[in-house]
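In: Got a sequence here, can you model it:
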Amino acid sequence: MYKTLLSLFVSSLLLIGLITVPAQAQVNSGDFGLILNGGVGTGASMYGVILSTTDSSTLGIGPGSSFNLGFMANFSILAIHSQFYYATITDLEWEQQGQTYKTEGSGHVWTWDGTVGIKALTEEGDMGYTHIFVGFRIWQAVREEDKRTVADNSQTPSAKQEMTGNGFIIGIRDLSTLPLGPVSLALQTGLWVYKAPLSTFKIGGNEFKTTADQNIGYGFEIGAGLAFEDIGLSTIVGLHLDVQATEIVLVGIDALAGAGYAQFFFAVSKEFGF
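Out: The predicted structure follows:
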């Protein structure tokens, strides 16, 4: 599945880079607009289930890589937006009741947002905009261990775990450009919060009933790059973070389940005006 999605991403990047629309109007100059975007990243991923929320345990953190795809379409100031983000989970390390746990394995965490909102503060020929949005979020996290070490002693790996959740998200994203002759400096920022509690938890393929209590998720991104505004193309490098956790009751025990990612990314976007 990962190779298929990666091939799709590479193909989409080539499509974004090669598409030319001679009859296209200047960006943000008509009633209709379309932005296609994609990116790759590397950094850290987070995953874990803490069976007691009263000690100093932490969620597992380890290296991971990512890719994302999305679009935003607008009619005047009204906009719809879709974004898919996928990050791998490899080795993890965490503290639990004073002991250090290390695991080797595989897995992933992904999020999908479908939102509506407004695209404001635009000018003809300028790629800049402010996007304020609200909508729906779905997420999934999967973890499969190959090896587990506790305080330098090997243990039997745990069974495959799967988490899914859904809820609502609200946020703001801004792209500002500063002309520098034939190109422009592009600054991208974003901030969002969401409530998408854990709804399904499986261990070894068996679903466990959980009672979700409190959930919080948040994220931000900050980046800079170049914008070729005459052709509506921009390239951005920066940092993207998204984490969430849910307090649950699992087989009568208070627990905390969470997942997320922090990625240094390179992204490309192509904007069309009609």
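In: residues contacting the residue nearest the centre of the chain?
Out: In the chain, the residue lying closest to the centroid (C-alpha atoms, centre = their mean) is Tyr85, at 4.1 Å. Residues near Tyr85 by C-beta atoms under 8 Å, 6 or more residues apart in numbering: 66-68, 110-112, 240, 242, 261. (Each C-beta comes from the backbone N, C-alpha and C, glycine too.)
In: hmm, who's touching stretch 101-111?
Out: Stretch 101-111 is contacted by residues 2, 45-47, 60, 83-95, 137-150, 157, 242, 259-261 when judged by C-beta under 8 Å, 6+ apart.
In: May I see the buried residues of stretch 243-252?
Out: 243-248, 250 (16 or more other C-beta atoms under 10 Å).
In: What subset of the contacts of stretch 101-111 is buried?
Out: Among the contacts of stretch 101-111, those scoring as buried are 45-47, 60, 83-89, 91-92, 94, 137-145, 148, 242, 259-261 (criterion: 16+ other C-beta under 10 Å).
In: Just the helices from this structure, written as ranges.
Out: 2-18 (DSSP state H).
In: Where does the prediction get shaky in it?
Out: Along the chain, the model assigns pLDDT under 70 to residues 1-25, 53-56.
In: Could you pull out the strands in it for me?
Out: Assigned by DSSP state E, the chain shows strands spanning 32-50, 60-75, 78-88, 92-96, 99-120, 129-150, 153-155, 161-180, 183-195, 198-203, 206-208, 210-228, 233-250, 253-273.
In: Would you mind saying which of those lies nearest Gln26?
Out: Minimum separation from Gln26 across the strands of the chain (C-beta to C-beta) falls at strand 253-273, 5.6 Å.
In: what angle sits between the closest one and strand 183-195?
Out: Relative orientation of strand 253-273 versus strand 183-195 (axes from the mean of the first three to the mean of the last three C-alpha atoms, to 10 degrees): 150 degrees.
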